[in-house]
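> this one's sequence-less:
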């Protein structure tokens, strides 16, 4: 494999020791109340190097939560901090890998150009990237195993490669908190494996990751903690504690079959982990 | 033919000024046009070109500066479109349609009050590059340099917000001021270019050279260089065609750039098929 696993954090990622969680979200509400995807009073914390899976039915507000966290949409109430610093005043940034449908892949930029965008603020106003900026970008691409493709136009890459480019771009922001919105949708098993290896690399570097996914099986196996969301936090904690008949029913309503056979819990869902089109059942709305 | 063919038109001072004008306009609209193409603003660009008409018309009738008049109308239109989109909850293209048609009609009504109505309107709509004065060239040069300088200075910020507005916001770039600045650059480019191709064909100078360049290169700043070159060459070739074939200069320039686009498009398609 071409991943360079190093347990020492590189200079690209600031090291912060201390008792504060990497990402702390307190009482966050965003979106029009009652509208699809609106979220209410969401609170959770992610510690350094943790990998958190964000799961919930369509319209549960997963993308809304991400967009509110990075400031793409305003949040009505609530407080977000990174390493104890308030996000609204801190210079610290949260990295965000958007859903792939939101990007114009025909745009005239190379892979290197895309990663360089992550350094736009650090380079500073009225300047063009200098040699050390390009060296940093090349090192970032090397670490996610895409050095050979760095001069390709971004649209010529496969779905899995594009995700890794965006992860490299988020790392170039010198952030150590990364949000990924559905990175596994529409990629094949090999690409999924590559993205997973990149996530392992991030963990080794102490980067905290929150990843939205529909794949409940993967969520159980690959994440330290799960956040089960349905407009509000239904459950947050270790996968085994989060997934049970009660919480799944509360998150997915009547659109989910849960069969308990002794030690095993069998959950029946459709291919996306939740049926589309069925009326939403939520509590407290 | 030969050298004489190329030099003969340049004996005339109005052709010399015309050549300088089409090269300046070709370069500036070629560069700014790249943003129009990659951001999908062709309709907005076309509309903005039309909305400057009442400003140009008022300046024309009152004997003021056409550039200032057009720029004022362009800025008013951009602000109006933004306001309608936000306050009246109209879709942006609907708001553009409303403002664009209304202002264009107002402009025609104002020009119709002059005695030489049809000649004036033709010049404004389709350009009058051979009527460019030295003072006009100076305005084009100054504002063209301002536009290119701004694009060069804010290249990476404009790139980020064009490719991924979400990243621009997470990086806490001032996205709204940058967006307005880009619209301002577009308005300045349009008004400075009006005399060469006119309002009706302005969108061709913004879109076609950039679309041609997009087929040839894969990075935005390379696209800008190629687009500027295509724009300038189209202007020069179009002006020769205009001189020898006795065509109006605006359509001659636009037909040249369209022909260049078709040649490059066919070549790109052929290369793509071979690559399959």
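Received, thanks. This structure is a prediction, so every number in the text was calculated from the model and none was measured.
> nearest residue to residue A:221 in space, please, no chain neighbours.
By the measure of CB to CB, 6 or more residues apart in numbering or on different chains, the closest residue to residue A:221 outside its immediate chain neighbours is residue A:239, 7.8 Å from it. Bear in mind the C-beta positions are built from the backbone N, C-alpha and C, glycine included.
> try residue A:92
Of all residues apart from its sequence neighbours, residue A:82 sits closest to residue A:92 (CB to CB, 6+ apart), at 4.5 Å.
> name the helices or strands packed onto the worst-scoring helix or strand of chain B on mean pLDDT?
Ranking every helix and strand in chain B by mean pLDDT, DSSP states H and E puts helix B:117-126 at the bottom, with a mean of 84. Helices and strands touching helix B:117-126, as assessed by 3 or more CB pairs under 8 Å, 6 or more residues apart in numbering or on different chains; DSSP states H and E, comprise helix B:53-62, helix B:92-111, helix B:175-216.
> tell me the helix or strand right after it.
Using DSSP states H and E, the helix or strand that follows helix B:117-126 towards the C-terminus is helix B:134-153.
> what about that next one and chain A, touching?
Yes. Legend: contact between helix B:134-153 and chain A by CB under 8 Å from any CB of the partner chain is shown at residue B:153.
> residue A:104 - that's part of a strand, no?
No. Residue A:104 sits outside any strand when classified using DSSP: H, G, I helix; E, B strand; the rest coil, being coil.
> near chain B, which residues of chain A are found?
Residues of chain A found near chain B, taking CB under 8 Å from any CB as the criterion, are A:67, A:70-72, A:93-96, A:98, A:102-104, A:107-110, A:113-114, A:116-118, A:120-121, A:123, A:125-126, A:128-129, A:153, A:169, A:173.
> just the ones of the residues you listed in strands?
Residues of the residues of chain A next to chain B located in strands (DSSP state E): A:95, A:96.
> filter the residues of chain A next to chain B to the buried ones?
A residue is treated as buried here by neighbour count (16 or more other CB atoms under 10 Å in any protein chain shown); on that basis the buried members of the residues of chain A next to chain B are A:67, A:70-72, A:93-96, A:98, A:103, A:107-110, A:113-114, A:116-118, A:120-121, A:129, A:153, A:169, A:173.
> can you pull the pLDDT of the residue nearest to residue A:92?
If you check residue A:82, the pLDDT there is 90.
> was I right about it contacting residue A:177?
Yes. Counting by CB atoms under 8 Å, a contact exists between residue A:82 and residue A:177, whose distance comes to 5.6 Å.
> overlap in contacts, those two.
A:22, A:23, A:94 (CB atoms under 8 Å, 6 or more residues apart in numbering or on different chains).
> any stretches of chain A with poor pLDDT?
Judged against pLDDT under 70, the low-scoring parts of chain A cover residues A:1-18, A:90-91, A:254-285.
> and the strands in it?
Listed in chain order, the strands of chain A (DSSP E) span A:23-30, A:39-46, A:51-55, A:75-82, A:85-86, A:95-97, A:177-181, A:208-212, A:225-230, A:232-237, A:257-261, A:264-268.
> so which of these is nearest residue B:129?
Put simply, out of these the one that sits nearest residue B:129 is strand A:95-97, at 47.8 Å, with distance taken as CB to CB.
> what's the closest one packed up against?
Applying 3+ CB pairs under 8 Å, 6+ apart, one finds that strand A:95-97 makes contact with helix A:62-70, helix A:159-172, strand A:177-181, helix B:165-170.
> make CSV from those and add distance to residue B:136 to it.
Written out in CSV, the entries for those read as follows (distance: least, CB to CB, whole Å):
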stretch, distance to residue B:136
helix A:62-70, 47
helix A:159-172, 44
strand A:177-181, 51
helix B:165-170, 36
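> residue A:137: which of the ones you listed is closest?
When the helices and strands packed on strand A:95-97 are compared by CB to CB, helix A:159-172 sits nearest residue A:137, at 6.3 Å.
> just the angle between that closest one and strand A:208-212, please?
Here helix A:159-172 runs at an angle of 140 degrees relative to strand A:208-212 (axes from the mean of the first three to the mean of the last three CA atoms, to 10 degrees).
> which parts of helix A:159-172 are buried?
The neighbour-count criterion (16+ other CB under 10 Å) identifies A:159-172 as the buried residues of helix A:159-172.
> name the nearest of the residues you listed relative to chain B.
Here the nearest of those to chain B, counting by CB to the nearest CB, is residue A:169; it sits at 7.5 Å.
> list the contacts of the closest one.
Contacts here follow CB under 8 Å, 6+ apart; on that basis residue A:169 touches A:114, A:115, A:117, A:118, B:167.
> pull the number of nearby residues for the residue lying closest to the third one once chain neighbours are set aside.
It stands for residue A:117. Distances taken as CB to CB, 6+ apart put residue B:160 closest to residue A:117, at 4.8 Å, once the chain neighbours are dropped. Residue B:160 has 25 neighbouring residues, counting by other CB atoms under 10 Å in any protein chain shown.
> helix or strand: which one has residue B:160?
Element membership for residue B:160, per DSSP H and E: helix B:155-163.
> so what touches that helix?
Contacts for helix B:155-163 (CB under 8 Å, 6+ apart): A:103-104, A:107, A:109, A:113-114, A:116-117, A:120, A:123, A:125, A:128-129, B:35, B:38-39, B:151, B:167-168, B:171, B:173, B:175, B:178-179, B:182, B:220-221.
> alongside chain A, which residues does chain B contribute?
Of all the residues in chain B, those in contact range of chain A (CB under 8 Å from any CB) are B:38, B:153-157, B:159-160, B:162-164, B:166-167, B:169-173, B:214, B:217-220, B:222-223.
> which among the helices and strands packed on strand A:95-97 is found nearest to residue A:194?
helix A:159-172 (5.1 Å).
> what's the angle between that closest one and strand A:177-181?
150 degrees.
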